[in-house]
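A.B. asks: Sequence plus the predicted model coming up.
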Amino acid sequence: MSEKRPETMQRINTPELAEAFIAEQVEAIKAQVGDKKVLLALSGGVDSSVVAALLIKAIGRQLVCVHVNHGLLRKGEPEQVIEVFGKQLNANLVYVDATDRFLDKLAGVSDPETKRKIIGKEFIDVFAEEAKKQEGIKFLAQGTIYPDILESDGVKAHHNVGGLPEELDFELVEPVKFLYKDEVRVVGKQLGLPDQMVFRQPFPGPGLGVRCVGAITRDRLEALRAADAIVREEIGKLDPVPWQYFCAIPDFVSTGIRYVNGKGERYMGWAVVIRAVNTVDAVTATVPEIPFSVLCTIRNRIIETVPGVNRVLWDISEKPVSTIEWE
Ligand code: XMP
């Protein structure tokens, strides 16, 4: 099958064009798949969510969605996947809470690339195990989009399920492979997916794993998840919102002071870092202005509600020289 977007293909930028695309893809999927079963790794990101919604429209519960929670997702993400796909769309959804498995493998590992490798390999192992439990799967659906093809010769650059074992070499179903990201979003909106999913900011495959700097511990990871939710909520109110905005937590402690019965007591706590960037292609990035009042609201909420954190920092470094992620 050709890997080149047809030159006649119109840019999908209206609900009408999205509707026509959906109708066309639903027929194409039905024709390709027949009455066979299709497997999809559903991360909850925009690409896999749109693919899931398209396939559900075409073949309903013949699609088996596997949502692997590696314990490094942002606050509320697994719950949203279960709510939207499991409940609202009545998907055939397998939810795997593999948190302990991932965190046990990551314990004591501080090198960022080793962490990435462990997370990637473990993901494939968990997904392959779930795939083997399913009977009669003939197809694998993927959220490949056109930039993935352009940038990487047809191999989804950091696709979660690249590298499945040979015995799970299914035929691929890639309904959005000729779409650009903005078109995927228009289609997602037309399919009725929530804005939170359709307009989600980019989130790395290894998730909070590369933002919990150094060796991940469960308590520091929980502090990161809680602080990150606050940062996303408060910066998310800005107009326009930055391209990417989140929180990282370094693996050092610094001194804090708290008052117990009127008496000052020194203690060591973590620092969380607010990171917000604007970029076009993630190759270079600038730091947008954030009103001081917003930073103060974030600081107050984090210090008051996140156990173990006694310091809030704002990262004003640009790329280059600083990468967007801390690891
Ligand atoms: P950096 O940190 O290299 O990030 O400036 C550029 C963009 O890529 C994302 N990123 C990743 N995405 N797996 C991914 O899927 C990764 O390991 C990874 N590392 C960084 C990052 O969030 C930013 O948008």
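C.D. replies: Alright, I've got the coordinates. What you see is a predicted model, and the numbers here were worked out from it, not measured in a lab.

A.B. asks: residue contacts, the closest residue to Pro175 other than its chain neighbours?
C.D. replies: Distances taken as C-beta to C-beta, 6 or more residues apart in numbering place Gln25 nearest to Pro175, at 4.6 Å, with adjacent residues excluded. In this view, the C-beta of every residue, glycine as well, is placed from N, C-alpha and C. Residues near Gln25 by C-beta atoms under 8 Å, 6 or more residues apart in numbering: 54, 58, 175.

A.B. asks: Show me which of these is closest to Arg218.
C.D. replies: Lowest distance from Arg218 to these (C-beta to C-beta) belongs to Leu54, with 36.7 Å.

A.B. asks: pLDDT (mean, whole number) over whichever strand or helix holds the closest one?
C.D. replies: Element membership for Leu54 (DSSP states H and E) is helix 46-59. Average pLDDT, helix 46-59: 98.

A.B. asks: now whichever helix in the chain runs longest, how far from the centre of its chain.
C.D. replies: In the chain, assigned by DSSP state H, the helix with the most residues is helix 112-133. Taking C-alpha atoms, centre = their mean, to the nearest Å, the mean C-alpha location of helix 112-133 is offset from the chain mean by 15 Å.

A.B. asks: Just want the angle from the next helix or strand after it to helix 112-133.
C.D. replies: Using DSSP H and E, the helix or strand that follows helix 112-133 in sequence is strand 137-141. Angle of strand 137-141 versus helix 112-133, following axes from the mean of the first three to the mean of the last three C-alpha atoms, to 10 degrees, is 150 degrees.

A.B. asks: Strand 137-141 packs against which elements?
C.D. replies: helix 15-33, strand 37-41, helix 46-59, strand 171-173 (3 or more C-beta pairs under 8 Å, 6 or more residues apart in numbering; DSSP states H and E).

A.B. asks: State whether Arg211 and Asp228 are indeed in contact, as I suppose.
C.D. replies: Yes: taking C-beta atoms under 8 Å as the definition, Arg211 is a contact partner of Asp228 at 7.4 Å.

A.B. asks: can you count the residues close to Phe292?
C.D. replies: Phe292 is flanked by 9 other residues according to other C-beta atoms under 10 Å.

A.B. asks: Look up the pLDDT of it for me, please.
C.D. replies: So Phe292 comes in at 98 (pLDDT).

A.B. asks: quick one: contacts for Val126?
C.D. replies: Counting by C-beta under 8 Å, 6+ apart, Val126 has contacts 68, 70, 96, 98, 101.
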